[in-house]
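Model the following, please.
(4 chains)
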There are 4 protein chains.
Amino acid sequence: MTQTLIDTQALEQVLEEFADARNWRKHHSPKNLAMALTGEVGELVEIFQWRSEEDSWHVAQAPETAEHVRQELADVALYLIRLASVLKVDLNAAIQDKLVMNAKKYPPL
Amino acid sequence: MTQTLIDTQALEQVLEEFADARNWRKHHSPKNLAMALTGEVGELVEIFQWRSEEDSWHVAQAPETAEHVRQELADVALYLIRLASVLKVDLNAAIQDKLVMNAKKYPPL
Amino acid sequence: MTQTLIDTQALEQVLEEFADARNWRKHHSPKNLAMALTGEVGELVEIFQWRSEEDSWHVAQAPETAEHVRQELADVALYLIRLASVLKVDLNAAIQDKLVMNAKKYPPL
Amino acid sequence: MTQTLIDTQALEQVLEEFADARNWRKHHSPKNLAMALTGEVGELVEIFQWRSEEDSWHVAQAPETAEHVRQELADVALYLIRLASVLKVDLNAAIQDKLVMNAKKYPPL
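Numbering: from 1, shown residues only, chains lettered A, B, ... in the order given. Here you go, the predicted structure:
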């Protein structure tokens, strides 16, 4: 249980410094960050909406979408990590607990 | 540039093994995972929708929401990391590049 | 331009009375309603996330999803119409203007 | 029960003709339209994410956002109505049934 599956500490610190240097802390309420996360997920989804499942596998290699999908994945990650951070949720521990729940709910074949 | 802000490698491996043990790889197209990510973000947002910004700061401490918000943050993280993984996007590198772009777009005060 | 493509007036009135009878007006800020809309769209998307495009055509006829998709479509519509209503946006006029823009952006073949 | 709360028939027909004139029917699977709906909701939410609840009331009057919010509301409506249409769901009937359910779940004060 003390295993590290995901380590976000350095990023959380960078994001806090980034926000503070721009006086953004007052804007970064959890409610607002949850909305910003939604907006970025919407931009990520737009990349996939008219592509087939088959084509969706190649989105990060295809020249016309590779950089775009990288940026949108990053944007989603940034708001998600920032949201967990301001809520003081240990994302690594939360993920481990959820994986235990998922493994019970969906036993392996 | 070789700095590690976020380390998701152990989690990516666990998620791949989890999916393979359930024969889920065929379901985990990037298009489908992007939709699943949307669904989980929707569940996360629901926690905040009727709460004020002020109240939203306490969601992870308030007994009636603490466990729920932890689980939804985990669910969003799981699908995001899985999506980056099947797309073979290096999320740490993508985030670093995006932070450079953001710093140019929004200079510190 | 005085054409009616969509008529939402009776529904807007019903929703206002419904909210007022429950003292919900204070909760129904546009910001909150936009979040609630997100949550409902997330629930709608979940119906489609593991289904193929081909299967998605039958979701409203298949017994295991027919009622569910009807309810989620209704929920999305209810929050969208309520949001337009509290913002005092004439959705019919907004749609007509947008269709003119779309027709210019995407000329017919 | 035969009451009309929302009338979308003229719009559904216009959208079908619009899609057919561009050979878009093959792209407009319910799965894809649900994703497109998500993307547009994301754009709508972005208007509200850094605004307070108080400020959100004025978004459709404030000159810097009035046209933008009108367009995004229209975009969400267009994909929602198109999705209900290709699924052959009677949105008016679905809404009436949902309102009956909501009234039972949340009795008036």
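
Report whether the longest helix anywhere in chain A contacts chain B.
Counting residues, the longest helix found in chain A (DSSP state H) is helix A:66-86. Yes. Counting by Cβ under 8 Å from any Cβ of the partner chain, chain B is contacted by helix A:66-86 at A:69-71, A:73-78, A:80-81, A:83-84, A:86. Quick note: C-beta positions are derived from backbone N, CA and C, even for glycine.

mind exporting that helix as CSV, just the C-alpha atoms?
As requested, C-alpha coordinates have been extracted for helix A:66-86 and formatted as CSV (Å, rounded to 0.1, in the frame of the first residue of the first chain):
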residue,chain,number,x,y,z
ALA,A,66,0.1,14.4,-33.1
GLU,A,67,1.0,17.7,-31.5
HIS,A,68,-2.6,18.6,-30.9
VAL,A,69,-3.4,15.5,-28.9
ARG,A,70,-0.2,15.8,-26.9
GLN,A,71,-1.2,19.3,-25.9
GLU,A,72,-4.8,18.4,-25.0
LEU,A,73,-3.7,15.4,-22.9
ALA,A,74,-1.3,17.7,-21.1
ASP,A,75,-4.0,20.3,-20.5
VAL,A,76,-6.3,17.8,-19.0
ALA,A,77,-3.5,16.4,-16.8
LEU,A,78,-2.5,19.9,-15.6
TYR,A,79,-6.0,20.7,-14.4
LEU,A,80,-6.6,17.3,-12.9
ILE,A,81,-3.4,17.4,-10.9
ARG,A,82,-4.0,21.0,-9.9
LEU,A,83,-7.5,20.1,-8.7
ALA,A,84,-6.3,17.2,-6.6
SER,A,85,-3.6,19.4,-5.2
VAL,A,86,-5.8,22.3,-4.1
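
helices or strands up against the following helix or strand past it?
Moving toward the C-terminus from helix A:66-86, the next helix or strand (DSSP states H and E) is helix A:91-105. On a contact count with 3 or more Cβ pairs under 8 Å, 6 or more residues apart in numbering or on different chains; DSSP states H and E, helix A:91-105 meets helix A:66-86, helix B:9-21, helix B:66-86.

Now do the buried residues in helix A:91-105.
Counting neighbours by 16 or more other Cβ atoms under 10 Å in any protein chain shown, one finds that the buried residues in helix A:91-105 are A:91-92, A:94-99.

Format the CA atom coordinates belonging to it as CSV.
Taking Å, rounded to 0.1, in the frame of the first residue of the first chain, the C-alpha atoms of helix A:91-105 are listed here in CSV:
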residue,chain,number,x,y,z
LEU,A,91,-4.0,11.0,-5.9
ASN,A,92,-1.6,8.0,-5.6
ALA,A,93,-3.4,6.7,-2.6
ALA,A,94,-6.8,7.4,-4.1
ILE,A,95,-5.9,5.5,-7.3
GLN,A,96,-4.6,2.5,-5.3
ASP,A,97,-7.9,2.3,-3.3
LYS,A,98,-9.9,2.6,-6.5
LEU,A,99,-7.9,-0.1,-8.2
VAL,A,100,-8.7,-2.4,-5.3
MET,A,101,-12.4,-1.6,-5.7
ASN,A,102,-12.2,-2.1,-9.4
ALA,A,103,-10.5,-5.5,-9.1
LYS,A,104,-13.3,-6.7,-6.8
LYS,A,105,-16.0,-5.3,-9.1
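
got the angle for it vs helix A:66-86?
100 degrees (axes from the mean of the first three to the mean of the last three Cα atoms, to 10 degrees).

Could you tell me the angle between helix A:91-105 and helix B:9-21?
10 degrees.

For helix A:91-105, give me every contacting residue.
By Cβ atoms under 8 Å, 6 or more residues apart in numbering or on different chains, the list of residues contacting helix A:91-105 from outside reads A:1, A:3-8, A:81, A:84, B:11, B:14, B:18, B:70-71, B:73-75, B:77-78.

Would you work out how far apart the start and end of stretch A:22-36 are?
Using Cα to Cα, to the nearest Å, the end-to-end distance of stretch A:22-36 comes to 17 Å.

right, is that stretch up against chain B?
Yes. Contact of stretch A:22-36 with chain B (Cβ under 8 Å from any Cβ) involves A:22-23, A:29-32, A:34-35.

quick revisit: who's in contact with the longest helix of chain A?
A:8, A:11-12, A:15-16, A:19, A:28-30, A:33-34, A:36-37, A:40-41, A:43-44, A:47, A:59-60, A:91, A:94, B:6, B:37, B:57, B:73, B:76-77, B:80, B:83-84, B:87, B:89, B:91, B:94-95, B:97-99, B:101.

Tell me how far that helix lies from the chain's centre.
5 Å (Cα atoms, centre = their mean, to the nearest Å).

just stretch A:19-34 next, same as before
Mean C-alpha position of stretch A:19-34 versus that of the full chain (Cα atoms, centre = their mean) differs by 16 Å.

Okay, buried residues for it please.
Buried-residue list, stretch A:19-34, by 16+ other Cβ under 10 Å: A:19, A:24, A:27-34.

what's in contact with it?
A:18, A:79, A:82-83, A:86-87, B:44-45, B:47-48, B:51-54, B:56-57, B:59, B:106, B:108-109, C:35, D:49-50.

Same list (the residues of stretch A:22-36 next to chain B) but as CSV, adding secondary structure, pLDDT and distance to residue B:65.
As requested, the residues of stretch A:22-36 next to chain B are exported to CSV (DSSP: H, G, I helix; E, B strand; the rest coil; pLDDT from 0 to 100; distance: Cβ to Cβ, whole Å):
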residue, secondary structure, pLDDT, distance to residue B:65
A:22, coil, 97, 29
A:23, coil, 97, 28
A:29, coil, 98, 15
A:30, helix, 98, 11
A:31, helix, 98, 12
A:32, helix, 98, 17
A:34, helix, 98, 12
A:35, helix, 98, 17
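
Which two among these are spaced furthest apart?
Spatial extent of those (Cβ to Cβ) is set by the pair A:23 and A:34 at 20.8 Å.

Let me have the residues of helix A:66-86 next to chain B in TSV, adding neighbour count as columns.
Below are the residues of helix A:66-86 next to chain B laid out as TSV (neighbours: other Cβ atoms under 10 Å in any protein chain shown):
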residue	neighbour count
A:69	24
A:70	22
A:71	18
A:73	27
A:74	26
A:75	21
A:76	28
A:77	26
A:78	24
A:80	26
A:81	24
A:83	26
A:84	25
A:86	21
